[in-house]
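S.K.: just to be clear, the model below is a prediction. Sequence and coordinates:
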Amino acid sequence: IRDSKMKCEIISVGDELLIGQTINTNASWLGEQLNNLGFTMAHGLVISDQKLDIINALSVAEKRSDIVIITGGLGPTNDDITKHTLTEYFNTTLELDKAIEQNIIDYFNNRNLPILQTNKDQALLPKSCQVLPNSRGSASGMWFEKSGVIFVSLPGVPYEMKGIMNDHVFTKLLDLKGEGSVVVNRTVRTHGMGESFLAEVVKSWENDLLKDDLKLAYLPSPGIVKLRLSIIGKDKTSSEAKLDYYILELNKLIPDQIYGYGNDTMEGEVGKLLTAKNQTLSTAESCTGGNVSKMLTSISGSSSFFKGGIISYSNQSKERSSKLEVKAGGNKFVWNLRYPGFLAFPGMVLYSSPNLGPKAMPSTYLTRLIVDGDTLQQNLTVLGDPRMSNTPSDYQTQFDFLIQVRDKVGQAHQAMIDIEKIRQEINFVKSKIKD
């Protein structure tokens, strides 16, 4: 091995991966597992089922990586050419492995499946490789070494690939790696704040991370931004302690945005809160088609807090079944301190950030409730962030600027709406002319 950090590369073989027919879950699983074991994930590549492409990928990987994991192309059909290409690349020949042949025969017999010669031919394996038996299928894994680089070829079926990695490969790689640095990761899950705005809020904290040799990655998805903190340290205990400290500091900065850690889910955290407060929840859904109920009931023990739901899609069903009984004290209005967002239109795409207007400035506001001619009003004071030294003038300047941005975006969207309307009118006229 050339590098004590052991750089890893994953080569995924398969036209189905390139054209989007199959999602490459193998690469993500391998990357996560190897990273957690302290290996450095340096490169990932997806290539077609073509001999030249495979050879070129292997040649490049040999020059830049210490461990190369290849998945796919080991099946019994003619388009599975990885094994034959590896045989040529490592300048060896195929030979029959009697033990593997018997394993394949037993595999098919135990399942009362007919066995073809093409299945038996999977026991023809490169002479120079170490065979990695596959207890879950008929395509064996292969371990090669060349110029100090390790090449591991695995079947593309996820169930089989994971089995060979767990049964053979991880142990062998860890034996080679020996004692050394460890990689520790933590993931913080946030919501309610877009990626760019979040990065601005935690800028000083992020700078402290980098000074302390930690890495931070922003992983945005609709409505959620995950923050992954990583550290390469001498031992696991001190590395975890350092991550815990910085996560505690992050909690002080954005306590209202953090909803979980690691593999926590939004629905799981909602369930925990309801259980802790001894409260229950019911749903009335329309366009979500029961998806909210599905998310909640996916949680073990959700029957303790989720009572059930109504799915009403058509107007008739809504009028008939979605009228909930109104009880005194059962209504409340929550102001999120936001002004209205910009003008939206059907088909508009928002990346990570919701359509929210500027936050209300620190001040005293008058709230008023009018029901059947009766009026109830009360003052509401919005306080400024005590961590900020902004003056009232600063808040006003910021608010005015954000309102201007919102209005400009709204004007641009109005122009798009007008253009689309004109386009439709032109198409209508053109259709009439043709008629």
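M.R.: Looks like it came in fine.
S.K.: make it CA atoms for all contacts and neighbour counts henceforth
M.R.: Noted.
S.K.: any stretches of the stretch 151-300 of the chain with poor pLDDT?
M.R.: Residues of the stretch 151-300 of the chain that meet the criterion pLDDT under 70 lie in 178-182.
S.K.: can you give me the strands in it?
M.R.: Assigned by DSSP state E, counting those that start in this stretch, the stretch 151-300 of the chain shows strands spanning 182-191, 214-221, 224-233, 258-261, 281-285.
S.K.: with mean neighbour count and distance to E240 as new columns, can those strands be given to me in a markdown table?
M.R.: Output for the strands of the stretch 151-300 of the chain, formatted as a markdown table (neighbours: other CA atoms under 10 Å; distance: least, CA to CA, whole Å):
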| stretch | mean neighbour count | distance to E240 |
| --- | --- | --- |
| strand 182-191 | 20 | 7 |
| strand 214-221 | 16 | 11 |
| strand 224-233 | 20 | 9 |
| strand 258-261 | 17 | 14 |
| strand 281-285 | 16 | 37 |
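S.K.: which one of those strands lies nearest to L132?
M.R.: Among the strands of the stretch 151-300 of the chain, the nearest to L132 by CA to CA is strand 182-191 (26.6 Å).
S.K.: if we can go back for a sec, include distance to M6 when you put the strands of the stretch 151-300 of the chain into JSON lines, please.
M.R.: Output for those, formatted as JSON lines (distance: least, CA to CA, whole Å):
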{"stretch": "strand 182-191", "distance to M6": "12"}
{"stretch": "strand 214-221", "distance to M6": "19"}
{"stretch": "strand 224-233", "distance to M6": "13"}
{"stretch": "strand 258-261", "distance to M6": "29"}
{"stretch": "strand 281-285", "distance to M6": "50"}
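S.K.: which one, of these, ends up nearest to I403?
M.R.: Counting by CA to CA, I403 lies closest to strand 182-191 out of the strands of the stretch 151-300 of the chain; the figure is 22.9 Å.
S.K.: pairing partners for that closest one, with directions?
M.R.: strand 224-233 (antiparallel), strand 258-261 (antiparallel) (DSSP bridges).
S.K.: hang on, the earlier thing: for N103, find the nearest of the strands of the stretch 151-300 of the chain.
M.R.: strand 182-191 (37.3 Å).
S.K.: now the angle from the closest one to strand 214-221?
M.R.: 40 degrees (axes from the mean of the first three to the mean of the last three CA atoms, to 10 degrees).
S.K.: stretch 110-130 spans what distance, first to last residue?
M.R.: 26 Å (CA to CA, to the nearest Å).
S.K.: list the buried ones in it?
M.R.: Applying a neighbour-count criterion of 16 or more other CA atoms under 10 Å, one finds 119-129 buried in stretch 110-130.
S.K.: quick one: which of those residues sit in helices?
M.R.: Assigned to helices by DSSP state H, the following of the buried residues of stretch 110-130 qualify: 119-120.
S.K.: so K307 makes contact with L274?
M.R.: No: if you go by CA atoms under 8 Å, K307 and L274 don't touch, sitting 11.9 Å apart.
S.K.: picking that back up, nearest to I23, out of the strands of the stretch 151-300 of the chain?
M.R.: The nearest among these, by CA to CA, is strand 214-221 at 17.6 Å.
S.K.: ok, M266 to K252 distance?
M.R.: 20 Å.
S.K.: then I419?
M.R.: From I419 over to K252 (counting by CA to CA), the distance is 47 Å.
S.K.: and what of S314?
M.R.: 46 Å.
S.K.: could you do V334 as well?
M.R.: Distance of V334 to K252, given as CA to CA: 24 Å.
S.K.: all strands for the stretch 301-435 of the chain, in order.
M.R.: In the stretch 301-435 of the chain, the segments counted as strands under DSSP E, counting those that start in this stretch are 306-311, 363-371, 374-382.
S.K.: returning to what we had before: between M266 and K252, which is the more surrounded one?
M.R.: M266 (17 against 10; other CA atoms under 10 Å).
S.K.: show the contacting residues for that one.
M.R.: Taking CA atoms under 8 Å, 6 or more residues apart in numbering as the contact definition, M266 lies against 259-260.
S.K.: hang on, L219 packs against L198?
M.R.: No: contact criterion CA under 8 Å: L219 and L198 do not qualify, at 11.7 Å.
S.K.: from H413, how far out is Q398?
M.R.: 23 Å.
S.K.: oh sorry, the question was meant for V202
M.R.: 31 Å.
S.K.: swap in K277?
M.R.: Applying CA to CA to K277 and H413 gives a distance of 43 Å.
S.K.: of these two, which one has the most company?
M.R.: When K277 and H413 are compared for neighbours, H413 comes out ahead with 17 against 10, by other CA under 10 Å.
S.K.: which residues touch the more buried one?
M.R.: H413 touches 343-345, counting by CA under 8 Å, 6+ apart.
S.K.: adding pLDDT, distance to V292 and neighbour count, write the residues you listed out as a markdown table.
M.R.: Putting the contacts of H413 into a markdown table (pLDDT from 0 to 100; distance: CA to CA, whole Å; neighbours: other CA atoms under 10 Å) gives the following:
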| residue | pLDDT | distance to V292 | neighbour count |
| --- | --- | --- | --- |
| L343 | 83 | 27 | 15 |
| A344 | 76 | 24 | 14 |
| F345 | 72 | 24 | 12 |
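S.K.: I100: how many residues sit nearby?
M.R.: The tally of other residues near I100 (other CA under 10 Å) stands at 22.
S.K.: which of the helices or strands spans it?
M.R.: helix 98-110 (DSSP states H and E).
S.K.: list the buried ones in that helix?
M.R.: Residues 100-101, 103-105, 107-108 are the ones in helix 98-110 that count as buried (16+ other CA under 10 Å).
S.K.: which other residues reach it?
M.R.: Everything outside helix 98-110 that qualifies as a contact, by CA under 8 Å, 6+ apart, is 114-115, 119-120, 122-123, 133, 137-138, 140.
S.K.: just the strands in the stretch 1-150 of the chain please.
M.R.: Counting by DSSP E, counting those that start in this stretch, the strands of the stretch 1-150 of the chain are 7-13, 40-47, 67-71, 94-96, 124-126, 130-132, 141-146, 149-154.
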